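Student: quick one, fold the following:
(chains A and B)
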2 protein chains.
Amino acid sequence: MQVDEQRFLADLHRLRSFGASGVGKGVVRPAYSAADVAARTWLAQRISAAGLVPHFDPLGNLFGLAEGRSLLVGSHSDSQPEGGWLDGALGVIAGLEIARAARAAGGPAVSVVSFQDEEGRFGVTTGSEVWSGKTSLKEADQFIDNTGTTMAQARGVLADVAQDFLPHDRFSGFVEMHIEQGPALDQSGEKIGVVTDIVGIRDMRITLDGQQNHAGTTPMAVRQDAFQALATFNMELARRFANVVTPATVWTIGHVSLHPNAASIVPGRVRFSMQWRDGDLDRLTRMEQIILELAKEIGQRHSVTVSLGPVMGIDPKPMDVNIQAALAVAATDLAPGVWRNMTSGALHDAANMASVMPVGMLFVPSINGISHAFDEDTDEADLVLGLRVLARAVQALA
Amino acid sequence: MQVDEQRFLADLHRLRSFGASGVGKGVVRPAYSAADVAARTWLAQRISAAGLVPHFDPLGNLFGLAEGRSLLVGSHSDSQPEGGWLDGALGVIAGLEIARAARAAGGPAVSVVSFQDEEGRFGVTTGSEVWSGKTSLKEADQFIDNTGTTMAQARGVLADVAQDFLPHDRFSGFVEMHIEQGPALDQSGEKIGVVTDIVGIRDMRITLDGQQNHAGTTPMAVRQDAFQALATFNMELARRFANVVTPATVWTIGHVSLHPNAASIVPGRVRFSMQWRDGDLDRLTRMEQIILELAKEIGQRHSVTVSLGPVMGIDPKPMDVNIQAALAVAATDLAPGVWRNMTSGALHDAANMASVMPVGMLFVPSINGISHAFDEDTDEADLVLGLRVLARAVQALA
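Tutor: Have a look, this model is predicted:
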């Protein structure tokens, strides 16, 4: 089969026009937003135009199906609230290009997929997580985003096109191409990363309820200030993690919602996100224990009520050795001396797929390692090289 | 003159219906909101019905004018984003009742006022601050609220009724009745507080700009996390203040706005409010110096850019001795053994008025010291006693 690099780049830029931020090449295309639905509608048209069969499942995961059993190639087309143009989109359009090139060549049988809510508006990689069976649709429907909308309400916008979930055994494996989203390849000047495993992630919401009061007449000694409780939690957490983590471990408080959030009021409540990632399952669990114990202590020390949301996430996942080998051979042929094996510090849909079929991943460089931001970017020559390596590996796997 | 206690309570409850939160007796009536404008329109009608002349100035400060030179009695009718029913409203309706009782009795000449934006949607006690001349209308028009709206845009909703600013010498003094908003009277079982002075307040907005990035692939060591910078600032500030403050000093970070505020993204920017209060002008200044120095240090330590907004606020203000004496005499007559002199830890419009005319303040208890919250409340018998003490003092001052 022969991939069309210009058609690949043209579709990649066309997808960027859905939810274009107007800042650099950035996009605002969260799961189930008008821009996300418009992008998926366009993708379904491109899938049909390629002679593949579009199929939305109940969550809005969009497949472009080849006949019979096939290799699945893709990623996700939803974005962060302020996302880059390549995060997910690259893997979807690469999958589309390879699937239509394979069909035009009379084989091998390749299908494409764009998973829904990989960026976690509701959970963590929600679309692939539910399809993989890790979470039931019933459970996922009760997930709530930061605005109080439920997953059940949000996915209603795709209800009229939704069909059943597809059986996993319709696919022989899943291969995902993605930007690295980190600085490793960019700093070393390498062009291709063959992923050996994906780190695990844990994600939860914590609410601290204190006493909202007047910021002038409430003595410091008697305050039940929810923000002060959070600040103490944050500082003490770093101290306790120090004995447990490695330089590769990361943790983040990325969402903070103060209530009532006014300058003259002692904050009565704060809701915040607590996320941590590591390649070692035991370490993830030890960190979780520290978080839960510390939250309880802070509740007593600051006289705030602690409410812990469910701990969501995905365990560390190794990639399939045969797919790794096929990607390594293709990289050696097409990018000799400028590729490496590496661990993924970012979570991907492949981590969910690993529990139901063989999976593999291919990385291309991120300029300055920047991602989850409007200025995320990659040299187009690197995008095309990644596409060619992926196509070669897919051919070999067939 | 004879005040009508039932009419006073009835109007106080009627005012509560504008922006009623539906939670307890709470109200949501921020400056220039639809509820605030409706409440001021109703107040103007009540003023006319009492034979007084309603007068809106360019900011929406609403006066009910007696003929000739008069004593001004009032407070504010705007509320916090989540406010109690008495904060400001009590002083306005008490002023209305006394002004109309005085007019019905043929004197003394008493006018009423409801100042605008006392709660600081834009600045700090903005309406009385501008009328007092401390800040020009031109400056105030450039103030921006947390949603990015300018004062100039907001006050447009009252433009059709706005007249000129009134000359200060039309008034012989200003007396404000208010709930204490603190626990002192409630805990001691006392019913009346005669205010001797009002603490000073400083209020500013600080923005920290770091680098928004992926929460999985960005090593902790290279992050420029705006929330971590804020948390360190907050903790270090408490340490440095320890050598400067007294048990009566307070400081608050009540508003925090993270950007982009998503669980999987290292926060690139945070905008937060920094407010501090004390009765000593030198201490307020020493605290300001600590804040500015620390912010600069944090900027360097966390590789974040620090943007400091203007430092707004009001200096500590003593109350007029003659008005204090009149209130003390009235309290001794009507609340023997259950009143006290006290400092106001909360800022009030009286602090601005003190720079242009003699001012005095009267406090009644706050149940459990709670204010700036929906569950703020005061026993109605205490409200009525406060009204009677205020009326007696006004009579004596005439």
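
Student: show me the contacts for A:M319.
Tutor: By Cβ atoms under 8 Å, 6 or more residues apart in numbering or on different chains, A:M319 lies in contact with A:195-198, A:350, A:354, A:359-361. Placement of C-beta: from N, CA and C, glycine included.

Student: and if you look at A:F122?
Tutor: With the criterion set at Cβ under 8 Å, 6+ apart, A:F122 makes contact with A:31, A:140, A:143-145, A:151, A:154.

Student: change it to 6 Å
Tutor: For A:F122, the contacting residues are A:143, A:145, A:151, by Cβ atoms under 6 Å, 6 or more residues apart in numbering or on different chains.

Student: among these, who's most crowded?
Tutor: A:M151 (24 neighbours; other Cβ atoms under 10 Å in any protein chain shown).

Student: could you list the low-pLDDT ranges of the stretch 51-200 of chain A?
Tutor: Nowhere does the stretch 51-200 of chain A drop to pLDDT under 70.

Student: how about whichever residue of it sits closest to chain B: what's its closest non-neighbour residue?
Tutor: Per Cβ to the nearest Cβ, A:G182 is where the stretch 51-200 of chain A lies closest to chain B, at 3.4 Å. In this structure, A:G182 finds its nearest non-sequential neighbour in B:T217, 3.4 Å apart by Cβ to Cβ, 6 or more residues apart in numbering or on different chains.

Student: and the one you found, that's in a helix?
Tutor: No. The assignment for B:T217 (DSSP: H, G, I helix; E, B strand; the rest coil) gives coil, which keeps it out of a helix.

Student: please convert the contacts of A:F122 to a markdown table, extending it with distance to chain B.
Tutor: What follows is the contacts of A:F122, written out as a markdown table (distance: Cβ to the nearest Cβ, whole Å):
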| residue | distance to chain B |
| --- | --- |
| A:F143 | 13 |
| A:D145 | 10 |
| A:M151 | 15 |
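
Student: filter these down to the ones in helices?
Tutor: Those of the contacts of A:F122 mapping onto helices are A:M151, per DSSP state H.

Student: pick the one among the contacts of A:F122 closest to B:T343.
Tutor: Nearest to B:T343 among those, counting by Cβ to Cβ, is A:D145 at 46.0 Å.

Student: need phi/psi at the closest residue to the closest one other than its chain neighbours.
Tutor: Excluding its sequence neighbours, the residue lying closest to A:D145 (Cβ to Cβ, 6+ apart) is A:R121, at 5.0 Å. The phi/psi pair for A:R121 (degrees, to the nearest 10) reads phi -60, psi -40.

Student: how about the contacts of A:M319 in JSON lines, adding secondary structure, distance to chain B and neighbour count?
Tutor: Formatted as JSON lines, these follow (DSSP: H, G, I helix; E, B strand; the rest coil; distance: Cβ to the nearest Cβ, whole Å; neighbours: other Cβ atoms under 10 Å in any protein chain shown):
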{"residue": "A:V195", "secondary structure": "strand", "distance to chain B": "12", "neighbour count": "25"}
{"residue": "A:T196", "secondary structure": "strand", "distance to chain B": "15", "neighbour count": "16"}
{"residue": "A:D197", "secondary structure": "strand", "distance to chain B": "13", "neighbour count": "18"}
{"residue": "A:I198", "secondary structure": "strand", "distance to chain B": "10", "neighbour count": "27"}
{"residue": "A:A350", "secondary structure": "helix", "distance to chain B": "14", "neighbour count": "26"}
{"residue": "A:A354", "secondary structure": "coil", "distance to chain B": "17", "neighbour count": "23"}
{"residue": "A:V359", "secondary structure": "strand", "distance to chain B": "18", "neighbour count": "26"}
{"residue": "A:G360", "secondary structure": "strand", "distance to chain B": "19", "neighbour count": "29"}
{"residue": "A:M361", "secondary structure": "strand", "distance to chain B": "13", "neighbour count": "30"}
